[in-house]
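1. following is a predicted model, sequence given first.
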Amino acid sequence: MAVWYRSHLVPFGLAVIAFLIITTGGWTRISDAGESCPDWPQCFGTWGFDVSEEEQAEWWEENPDEIDSRGAQHRYTTDQIFTEWAHRGLVGIIGILVIYSHYTAWSLKKEIGERTYRIHYIATAFLILQAVLGYITVDLDNAPWTVSLHLFMALMFTTSLLAVGLFWWNDQSGLPDNLKVKENDSNIINIVSITMLLVLAQLLLGAYLSTSYHRGACGVGTEGWPLCSSKIIPSLSEVGIMLQMSHRISALLVGGILIWARLKVEEESMVKAFNLALLFFGFNVALGGVYILSADEGNFPEWISLLHLLIGVLTFLSLAGAYLICVVSKREITDG
């Protein structure tokens, strides 16, 4: 039994890998490598990433029905192909590790309970859906809605791994007292749920905005932020400006609701979670401004874009973790 004492840490380790997958996925999009492997699951008909320009041209000649949004004459660098290849490789690795975690939970089913074991099926289902969406995203040339949906499924998969870890931990040895919510108060869960869903919506809107190439719709530099085209209330006749303003106004609303929620909660674990979420969110709002201010005639600092995405993901996961702690604590109080 001592060998498996910390077995609940396995799902948390998988959640870290899932975050790395989101990171590599974000960098794939930002480095313009989203179509660098036009087929799936292979890459230009091979399992490697060192594909020369001549080999790429040969593959396009053999597959005339395939489409690249940049044209069949476009060629990708080895670094771009490697980024997409590594992203897919991490998905394959985590698939094997999810099976291992599933087996470990099965071997401890009497100790951790049937309900905790069954949550693994949810994580596995999300992983399969994520892989399918990865194929669809490649097949549809990174259409904005597919990228947003792909990110959504990645977040659900990561959240399901956190759920497995927390339930497993609680059933095996019990959560620490400073993590538990001690009162069965439905208002706490409602507050956390609302803020978590709003942050999720804001995150997905940002992903759609970035992928739809409307990030510079309001202009760049001081013309584009904090104003839009140097105006407080710009004309909303263009789709890009509508998306930009929707993203900015919703950020203000979500920030206000986060502050309201922080003032409403009193449980120690929830206070810490909302403090962390507010820290991430505030930093990310400033980061979004720096991203526009640092741009020059359409040339955006892409590393800031990636950081903007990852901080948004951490904001969501901090609230998702708070929600799961509420659920685990409520189940323990109810069962007790």
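-> Noted; the coordinates are in hand. It should be emphasised that the depicted structure is a prediction, and the values quoted were computed from it without experimental measurement. Numbering: from 1, shown residues only.
2. mean confidence for the biggest helix by length in the chain?
-> Ordering each helix of the chain by length in residues (DSSP state H) puts helix 302-335 first. Taken as a whole, helix 302-335 carries a mean pLDDT of 85.
3. quick one: buried residues of that helix?
-> When neighbours are counted by 16 or more other CB atoms under 10 Å, the buried residues of helix 302-335 are found to be 304-330, 332. For glycine as for every other residue, the C-beta is placed from the backbone atoms N, C-alpha and C.
4. with stretch 274-289 instead?
-> 274, 276, 277, 278, 280, 281, 284, 285, 287, 288.
5. mind putting those residues in a markdown table, distance to residue 226, pLDDT and secondary structure included?
-> Formatted as a markdown table, those follow (distance: CB to CB, whole Å; pLDDT from 0 to 100; DSSP: H, G, I helix; E, B strand; the rest coil):
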| residue | distance to residue 226 | pLDDT | secondary structure |
| --- | --- | --- | --- |
| 274 | 25 | 93 | helix |
| 276 | 25 | 94 | helix |
| 277 | 22 | 94 | helix |
| 278 | 20 | 94 | helix |
| 280 | 20 | 95 | helix |
| 281 | 16 | 94 | helix |
| 284 | 15 | 92 | helix |
| 285 | 10 | 91 | helix |
| 287 | 13 | 89 | helix |
| 288 | 10 | 86 | helix |
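6. did I read that right, residue 39 in a helix?
-> No - the assignment for residue 39 by DSSP: H, G, I helix; E, B strand; the rest coil gives coil, which leaves it out of any helix.
7. what pLDDT is listed against it?
-> With respect to pLDDT, residue 39 has a value of 79.
8. can you pull the contacts of it?
-> Listed by CB atoms under 8 Å, 6 or more residues apart in numbering, the contact partners of residue 39 are 45, 63, 66, 138.
9. what of residue 157?
-> Residue 157 makes contact with 18, 123, 126, 127, 130, according to CB under 8 Å, 6+ apart.
10. which members of these are positioned in helices?
-> The subset of the contacts of residue 157 that ends up in helices is 18, 123, 126, 127, 130, with DSSP H as the criterion.
11. the third one is in contact with residue 160, isn't it?
-> Right, residue 126. Yes - judged on CB atoms under 8 Å, residue 126 makes contact with residue 160 at a distance of 5.3 Å.
12. neighbour count for these two, which is higher?
-> Using other CB atoms under 10 Å, the more surrounded residue of residue 126 and residue 160 is residue 160, with 26 against 21.
13. out of everything not next to it in sequence, what's closest to the more buried one?
-> Nearest residue to residue 160, sequence neighbours excluded (CB to CB, 6 or more residues apart in numbering): residue 123, at 4.1 Å.
14. quick one: which helix or strand includes the most centrally placed residue in the chain?
-> For the chain, the residue lying nearest the average C-alpha position, counting by CA atoms, centre = their mean, turns out to be residue 155 (4.4 Å). Using DSSP states H and E, residue 155 falls within helix 144-172.
15. what's the helix or strand that that helix is followed by packed up against?
-> Proceeding N to C from helix 144-172, the next assigned helix or strand is helix 186-211, under DSSP H and E. With contacts defined as 3 or more CB pairs under 8 Å, 6 or more residues apart in numbering; DSSP states H and E, the packing partners of helix 186-211 are helix 144-172, helix 239-264, helix 268-294, helix 302-335.
16. how does it look with 6 Å?
-> In terms of contacts (3 or more CB pairs under 6 Å, 6 or more residues apart in numbering; DSSP states H and E), helix 186-211 is packed against helix 144-172, helix 239-264, helix 302-335.
17. how big is the angle separating that helix from helix 239-264?
-> Our comparison of helix 186-211 with helix 239-264, counting by axes from the mean of the first three to the mean of the last three CA atoms, to 10 degrees, yields an angle of 160 degrees.
18. before we move on, back to that, ok, now which ones touch the residue nearest to residue 160?
-> Residues in contact with residue 123, defined by CB atoms under 6 Å, 6 or more residues apart in numbering, are 160, 161, 164.
19. got a markdown table for the residues you listed, with distance to residue 236 and pLDDT too?
-> Conversion of the contacts of residue 123 to a markdown table gives the following (distance: CB to CB, whole Å; pLDDT from 0 to 100):
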| residue | distance to residue 236 | pLDDT |
| --- | --- | --- |
| 160 | 38 | 91 |
| 161 | 40 | 91 |
| 164 | 44 | 87 |
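20. quick revisit: so which of the helices and strands packed on helix 186-211 is nearest residue 32?
-> The closest of those to residue 32 is helix 302-335. By CB to CB, the value is 8.9 Å.
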